[in-house]
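pasted the sequence and its predicted model underneath.
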Amino acid sequence: MDNVQGYKCLCCGSPLVWNAEGQIWKCTSCDNTYSLDTLQAAQQSEQAAATQTDAINWKEYNVSEMITEMVSYTCPSCGGEILVDGTVAASRCPYCDNVAIMQPQVTGMVKPDYIIPFKLTKDDAKKALLKFYQGKKLLPDRFSEANHMDEITGIYVPFWLFDCETSADMTFDATTVTKWRDSAYDNTKIDHYLLQRSGTLRFEKVPVDGSVRMDDAFMDAIEPYDYSDMVPFNQAYLSGFVANKPDVDVQASLPRANERVINSTVAAFQQTVSGYVSITPKSRRVEAHEGTIKYAMLPVWLLTTRYLDQVYTFAMNGQTGKLVGTLPVDEGKYKKCLYTRMAIIALIAIVLTALIGGVFR
């Protein structure tokens, strides 16, 4: 038996039939009509979308192999030993609190292209954290103690910055709904549309943090950075702060960069579609060109604390002050608050019962 070629409506997916009167294909459900050229073009577009995947080709960035072993340094101030792992470029001496730049590590690592110097001080970070604590009645007392606040550390976090231009072709299924009432019925009409979008977008300095220690969600949350403050890297900016070498290389960072660029492209194209009740992506083809990568150090104020075997983190953008954090709940305060609320509810119930009883006597 010969195979039968069938076509479906590009809007609602119902079968299309040949309409001899109009010399055109017509949907059996939504009554949309199509010419042969339109059907063939749509079929070719869907086949292309099915055979092509989102692709970004980045120019190779020469990254040396990262060192991860522990290294011992001598503090130039007091002579004490500073023990760090191979990813640390600057640290504080545990004996005299002197900040030491690990010169062998700085010269041995891939030199950053750029750095954004800290604009906010440790006092700024303390004030922001105290404000973040305000109104958190169930917060353990330890989290608002002054000596705990002193543990806030300024860190230069390594970031890979990705530039590229994307070109994309996308199709969307969209619907509109019209409702009206006649003498007998409530009527609803749903119209289906096939929307096509194509174009290009330019992305600059899409950041992906290159440190295993930094939670990706936290680093994403304190964005964006103002790149107008970014300057060519100079080792002198590290003085007074902790700085880490990247221990997540470019290749390992590519999936996150690709995901961010592709998702942003899809979102930008979808924002061009409006006036519909529903919009559903149907097919897409996203390609990136002229991909380049730079290495930068960006400022972060960080506080990490362990409470009841759980780790809680506060992170603040050292340039803009945007902050995020996770906070614990004091079980004693929670129970006290719960009992208080239960007592108030019980008291209200007693009062209402007494009032209602008095009314109906």
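Sure thing, it's come through.

what helix or strand is Gln43 located in?
Element membership for Gln43 (DSSP states H and E) is helix 36-51.

now swap in Val208 and tell me
For Val208, the host element (DSSP H and E) is strand 186-209.

what comes up buried for that strand?
Using 16 or more other C-beta atoms under 10 Å as the burial criterion, the residues of strand 186-209 that qualify are 191-195, 201, 203, 205-209. All C-beta atoms are positioned from the backbone trio N, CA, C, and that covers glycine.

can you list the strands that it pairs with?
According to DSSP bridges, strand 186-209 has the following sheet partners: strand 153-181 (antiparallel).

buried residues in the strand it pairs with?
Neighbour counts using 16+ other C-beta under 10 Å place 153-164, 166, 168-175 of strand 153-181 among the buried residues.

and what of stretch 111-124?
Of the residues in stretch 111-124, those scored as buried under the neighbour-count criterion (16+ other C-beta under 10 Å) are 112, 114-118, 120, 122.

ok, so of those, who is nearest Leu238?
Within the set of those, Ile115 lies nearest Leu238; the separation is 8.4 Å, counting by C-beta to C-beta.

next up, the contacts around that closest one.
Ile115 sits next to 156, 230-234, 237, 296-298 when contact means C-beta atoms under 8 Å, 6 or more residues apart in numbering.

from the residues you listed, which land in strands?
The strands in this structure, assigned by DSSP state E, contain 156, 231-232, 296-298 from the contacts of Ile115.

any of the residues you listed buried? List them.
Going by neighbour count (16+ other C-beta under 10 Å), those have 156, 296-298 buried.

will you turn those into TSV that also has distance to Asn263 and pLDDT?
Compiled in TSV, those are given as follows (distance: C-beta to C-beta, whole Å; pLDDT from 0 to 100):
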residue	distance to Asn263	pLDDT
Tyr156	27	91
Ala296	22	94
Met297	26	93
Leu298	21	96
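
farthest-separated two in the residues you listed?
By the measure C-beta to C-beta, Tyr156 and Ala296 form the most distant pair in these, at 9.4 Å.

buried sites along stretch 280-290?
Taking 16+ other C-beta under 10 Å as the basis for neighbour counts, the residues of stretch 280-290 that come out buried are 282-288.

sorry, that was for stretch 26-43
Within stretch 26-43, the residues that count as buried by 16+ other C-beta under 10 Å are 26-27, 30, 32, 34, 42.

looking at the residues you listed, which are in helices?
Secondary structure assignment by DSSP state H places Ala42 of those in helices.

inside strands: which ones of the buried residues of stretch 26-43?
For the buried residues of stretch 26-43, membership in strands holds for 26-27, 34, with DSSP E as the criterion.

contact partners for the residue nearest to Val324 when sequence neighbours are not counted?
With C-beta to C-beta, 6 or more residues apart in numbering as the measure, Ala221 is the residue that lies nearest to Val324, at 4.3 Å, once sequence neighbours are left out. Taking C-beta under 8 Å, 6+ apart as the contact definition, Ala221 lies against 315, 322, 324.
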